[in-house]
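Participant: generate coordinates for the sequence data below:
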Amino acid sequence: MAKSLRQLSPDKFDYWQAQHLLNRAGFGGTPSQVRALANMGLEKAVDYIVDYDQIDDEPVDAETFDSDIMRPRTLDENKEIRAARQSGDEATVQRYRLERMKRQGADRRQIAEIRRWWFRKMIETPRPLQEKMTLFWHGHFATGYRNIEDSYHMFIQNQLFRHNAVGNFRRLTHAIIRDPAMIRYLDNNQNRRAKPNENLARELMELFTLGEGNDYTENDIKEGARALTGYTYNDDRFIGLQSRRYKQMHDDGRKVILRQIGNFNGDDFVEIILSRKVCSEFITWKLYRYFVNDMPGEPNPQGQDFVVDLAKLFRKSKYELKPFLKTLFKSEHFYEPDNVCSQIKNPVQLLVQAVRSLQTPTRSLQALLSAADLMGQNIMFPPSVKGWEGGRAWINTATIFVRQNVLVYLLTGQRPDVYPWQVDGTKYDPSHLLDHFEAPLRDINVKEAIKYLVWFNLGRKPHEKRIASLVDYANKRGGILTPEILVEILALITAMPEYQLC
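Facilitator: Model prediction:
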């Protein structure tokens, strides 16, 4: 294996490396979960996280949500409304119009339910990497509800990402060009031989596989669009390539794509793209920014070598993600000091990690989703097909205010926009965070406890001035740790700029 991918020495995998792994490959964990991971050792810890199919989890039922809210009209319904329009029967036309509006309202309520369901799943899942990767694919193959207006199609796509979270990128890419939500979002249901629509072909190359301006031309996009003609759906299902409708819509003529010639269809188009070296490098670079370091610009020379060598491994494994992720999470490079606490937490990471690692009450899922929206990440509603920019774009004067206040809300139930009598009265006791001291809370050394809490929450060894100021605060509050004092200490820690990093 390439030198840049060299594995971390097992004796260097300690408690803090285990926490780094849990933060990046998931959404953090409690002190006891971090210790359990550290005790496994590097090899077993990474395998445990990546091979999560061995961990029991409640399967998601396809009938969890209503698939028929936005169902297409039946033949009889279409016949009736067509006759009504021809005869001037406004009452019948209005009845169908009101029925449509009723369904749209119900669908908007269901997408809100789906968003709460997924957010709770991220908080409660025993398979954090699966949900972390589901979130990655949602941002990579970005699709927004507002354009498609079918909540069940968003649920289907979410399940597609979950089932293929750490599977095979080739298989997922073939599936995404068959996905009803993606087809509708990028108008491929309007892509037919007489009038090709280039949206899906363009984004497939530019944003999903090759990267903007990499190794393709405008003509490749036009020819790719022809290959994708006829790739559409009916209700909740993709139209099969042998169907009459596909054959009527598909352009089966000769095409030239990336210097290859043939009577290509959409699946051929995907295979041609995946054969390009730049595809593996582009996806590797995106995953690198997601898991290793998302600071602006290119990585340092060592990081560049790491990306190139990891991309080679990706190609060699035929786009299998498990060996890719295991190599990444076991590498020395992943644990280098420059890559620890080098990422700005996206809003979902900030909230889910806080709940999972501190075990605060969840409070109101809707309030947390609203806070995530104010911080710039409204799941199921990405800002565009490019997804979320991420990195430093997450932080500005408005979002930092929300970031700090939502942590206070999780710790205390207090929101800045409500009256005192509207406070969530659920009490939070953080004493469990200090269980490893194996002593009653009042007998624990204040300085040692605070030093641990700062290190645990900030992810790296804290500066002594940080410790001293918090110890001084605790001493002024009586010098003895109580659940109430711990909550106040945690509120001060989570307000530190460094808490925004992981």
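
Participant: wait, doesn't residue 237 sit right on residue 178?
Facilitator: No: if you go by CB atoms under 8 Å, residue 237 and residue 178 don't touch, sitting 9.2 Å apart. To be clear about C-beta, it is placed using only N, CA and C from the backbone, and glycine gets the same treatment.

Participant: since we're on residue 426, how many residues are nearby?
Facilitator: 11 (other CB atoms under 10 Å).

Participant: excluding chain neighbours, what is closest to it?
Facilitator: residue 361 (4.5 Å; CB to CB, 6 or more residues apart in numbering).

Participant: show me the contacts for the one you found.
Facilitator: Taking CB atoms under 8 Å, 6 or more residues apart in numbering, we find residue 361 in contact with 410, 413, 424, 426, 428.

Participant: in CSV: these, plus secondary structure and pLDDT.
Facilitator: Below are the contacts of residue 361 laid out as CSV (DSSP: H, G, I helix; E, B strand; the rest coil; pLDDT from 0 to 100):
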residue, secondary structure, pLDDT
410, helix, 98
413, coil, 95
424, coil, 85
426, coil, 93
428, coil, 98
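
Participant: between the residues you listed, which has the most around it?
Facilitator: Going by other CB under 10 Å, residue 410 tops the contacts of residue 361 with 25 neighbours.

Participant: relative to residue 498, how far out is that residue?
Facilitator: Taking CB to CB, to the nearest Å as the criterion, residue 410 is separated from residue 498 by 18 Å.

Participant: strands along the stretch 301-450 of the chain, start to end?
Facilitator: Read by DSSP state E, counting those that start in this stretch, the stretch 301-450 of the chain holds no strands at all.

Participant: which non-adjacent residue is nearest the residue nearest the centre of the chain?
Facilitator: Centroid check for the chain by CA atoms, centre = their mean gives residue 135 as the closest residue, at 1.4 Å. Spatially, and ignoring its direct neighbours in sequence, residue 135 is nearest to residue 348 (6.3 Å; CB to CB, 6+ apart).

Participant: what is the burial count for residue 59?
Facilitator: Residue 59 has 6 nearby residues by other CB under 10 Å.

Participant: can you tell me the element residue 267 falls in?
Facilitator: For residue 267, the element it lies in under DSSP states H and E is helix 266-274.

Participant: check which residues of that helix are buried.
Facilitator: 266-270, 272-274 (16 or more other CB atoms under 10 Å).

Participant: repeat for stretch 303-323
Facilitator: So for stretch 303-323, counting by 16+ other CB under 10 Å, buried means 303, 305-307, 309-315, 317, 319-321.

Participant: and of the residues you listed, the nearest to residue 492?
Facilitator: residue 303 (34.0 Å; CB to CB).

Participant: picking that back up, can you lay out the buried residues of helix 266-274 as a markdown table showing distance to residue 292?
Facilitator: Shown next, in a markdown table, are those (distance: CB to CB, whole Å):
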| residue | distance to residue 292 |
| --- | --- |
| 266 | 33 |
| 267 | 32 |
| 268 | 34 |
| 269 | 31 |
| 270 | 27 |
| 272 | 29 |
| 273 | 25 |
| 274 | 23 |
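
Participant: so which of the residues you listed comes closest to residue 209?
Facilitator: The closest of these, once distances to residue 209 are taken by CB to CB, is residue 273, at 4.9 Å.

Participant: domain assignment for this protein?
Facilitator: 8-50, 347-422, 430-500 (automatic domain parsing).

Participant: the residue lying farthest from the centre of the chain: what's it in contact with?
Facilitator: Most distant from the centre of the chain: residue 87, at 50.8 Å, with distances by CA atoms, centre = their mean. For residue 87, the contact set (CB under 8 Å, 6+ apart) is empty.

Participant: ok so, going back, distance of the residue nearest to residue 135 relative to residue 81?
Facilitator: 42 Å.

Participant: neighbour count for the two, which is higher?
Facilitator: residue 348 (25 against 17).

Participant: how long is stretch 264-279 end to end?
Facilitator: 19 Å (CA to CA, to the nearest Å).

Participant: what lies in contact with it?
Facilitator: 169-170, 173-174, 177, 201, 204-205, 209-211, 214-215, 223-224, 227-228, 230-231, 241, 250, 252, 255, 257-258, 260, 262, 311, 315, 319.

Participant: among the residues you listed, name the buried ones.
Facilitator: 169-170, 173, 177, 201, 204-205, 209-211, 215, 223-224, 227-228, 230-231, 250, 255, 257-258, 311, 315, 319.

Participant: shaky segments in the stretch 251-400 of the chain?
Facilitator: Applying pLDDT under 70 to the stretch 251-400 of the chain flags the ranges 296.

Participant: do that again at 90, thanks
Facilitator: 294-303 (pLDDT under 90).

Participant: ditto for the stretch 51-200 of the chain
Facilitator: 61-63.

Participant: contacts for stretch 51-70 next, please.
Facilitator: Residues contacting stretch 51-70 (CB under 8 Å, 6+ apart): 48, 103-104, 106-107, 110, 113-114, 117, 125-127, 129-130, 149-152, 155, 159, 162, 166, 236, 322.

Participant: which PyMOL command selects the buried ones in those?
Facilitator: Filtering the contacts of stretch 51-70 down to the buried ones (16+ other CB under 10 Å) takes a single PyMOL command:
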select buried, resi 107+110+114+125+127+129+130+150+151+152+155+162+166+236
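
Participant: ok so, going back, okay, the angle between the helix or strand just after the helix holding residue 267 and helix 266-274?
Facilitator: Counting by DSSP H and E, the next helix or strand C-terminal to helix 266-274 is helix 277-291. Angle, helix 277-291 to helix 266-274, by axes from the mean of the first three to the mean of the last three CA atoms, to 10 degrees: 80 degrees.

Participant: return the distance of the residue farthest from the centre of the chain relative to residue 76.
Facilitator: 16 Å.

Participant: quick check: closest non-adjacent residue to residue 128.
Facilitator: residue 26 (2.7 Å).

Participant: show the contacting residues for the one you found.
Facilitator: Here residue 26 is in contact with 49, 128-129, 131-132, 356 (CB under 8 Å, 6+ apart).

Participant: and those residues, which is closest to residue 246?
Facilitator: Lowest distance from residue 246 to these (CB to CB) belongs to residue 131, with 34.4 Å.

Participant: circling back to that earlier point, can I get the helix holding residue 267 as CSV, trimmed to CA atoms?
Facilitator: Extracted C-alpha coordinates of helix 266-274, given in CSV (Å, rounded to 0.1, in the frame of the first residue of the first chain):
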residue,chain,number,x,y,z
GLY,A,266,-28.2,6.1,-19.9
ASP,A,267,-26.5,3.1,-18.3
ASP,A,268,-23.9,3.1,-21.0
PHE,A,269,-23.4,6.8,-20.3
VAL,A,270,-22.8,6.1,-16.6
GLU,A,271,-20.2,3.4,-17.4
ILE,A,272,-18.3,5.7,-19.8
ILE,A,273,-18.1,8.3,-17.1
LEU,A,274,-17.0,5.9,-14.4
